[in-house]
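A.B. asks: Provided below are the primary sequence and the corresponding predicted coordinates.
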Amino acid sequence: MTLVAVFSTKDFAVAVADRRRVQLSTGVHMDDVRKLHQLNDQVIAGYSGIYLPIGNNRYQGLAEEIIMENGVLVTAISTVEDVTDIYSKALRRYLDAGIPKESLEITFHFGGKGRDGGYMLGRVSCWEDFQPMLMESNENGLIWSLSRAEYAVDPWLTAQIASLPKINDKAVRDLAVSLVEHTAERDGYVSGTYDLIVI
């Protein structure tokens with residue numbers, strides 16, 4: 001289970017993710033997973049999804065496998081739109097190959113620069129049939145996309161954003177850290193240990 005969030009303003013993007021991995025069959029959790037990846041100088045990815053056994057009591061995340069498979073397609077100049085499209089097509093190819101959607105419970109959240117040079121968000125998720133979802137930032141605000149475990153953090157996050165006196169790099173970093181801490185206190189599937197990337 002997980003907490004992954006990507007935020008975007010018109011000037012920068014922030015991604016934050018806890019490190020918890022849970023074996024649902026046993027309830028055992030380990031705080032050993034990094035769920036963020038900087039794809040290039042323009043795009044960061046946060047992801048949630050399942051982990052598959054690869055032998056010797058080790059697990060490989062489906063998201064990491066997909067990142068490795070598509071790494072050659074993501075270039076130094078790929079934008080959020082480009083990456084969102086690449087991942088959408090890759091995941092839909094799995095469906096076309098007959099892999100059941102239930103085996104592909106995964107969501108990618110992307111933040112960074114778009115084709116026009118402005119910051120934006122993208123998302124590709126099994127819950128949206130792997131269709132590419134794009135959200136452009138605006139002049140005055142903060143947009144966000146997240147995956148969560150059990151605790152519905154959305155109302156708390158919306159209230160926190162509304163109460164920000166100023167939206168700048170420090171305020172959004174602090175908000176991202178507070179999001180993880182707040183959620184970890186209320187959801188046993190989320191760890192207080194986290195990673196954060198800003199571009």
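C.D. replies: Here it is on my side, so go on.
A.B. asks: When you work out contacts or count neighbours from here on, use the C-alpha atoms and nothing else.
C.D. replies: Fine.
A.B. asks: Give me the most central residue, the chain.
C.D. replies: Using CA atoms, centre = their mean, the residue of the chain that lies closest to the mean C-alpha position is residue 46, 2.5 Å off.
A.B. asks: and the residue nearest to that one when sequence neighbours are not counted, what does it touch?
C.D. replies: Leaving aside its chain neighbours, residue 46 sits nearest to residue 36 (4.5 Å; criterion: CA to CA, 6 or more residues apart in numbering). Residue 36 makes contact with 15, 16, 17, 44, 45, 46, 47, 195, 196, 197, according to CA atoms under 8 Å, 6 or more residues apart in numbering.
A.B. asks: Over to residue 172?
C.D. replies: 7, 14 are the contacts of residue 172 under CA under 8 Å, 6+ apart.
A.B. asks: Would you agree it falls within a strand?
C.D. replies: No: Residue 172 is assigned helix when assessed by DSSP: H, G, I helix; E, B strand; the rest coil, not a strand.
A.B. asks: how about low-confidence regions in the chain?
C.D. replies: Within the chain, the segments meeting pLDDT under 70 span 1, 24-25, 27, 52-53, 58-60.
A.B. asks: coming back round to it: next one: phi and psi at the residue nearest to residue 46?
C.D. replies: Dihedral angles of residue 36 (phi, psi; degrees, to the nearest 10) stand at phi -120, psi 150.
A.B. asks: Appreciated, that's everything.
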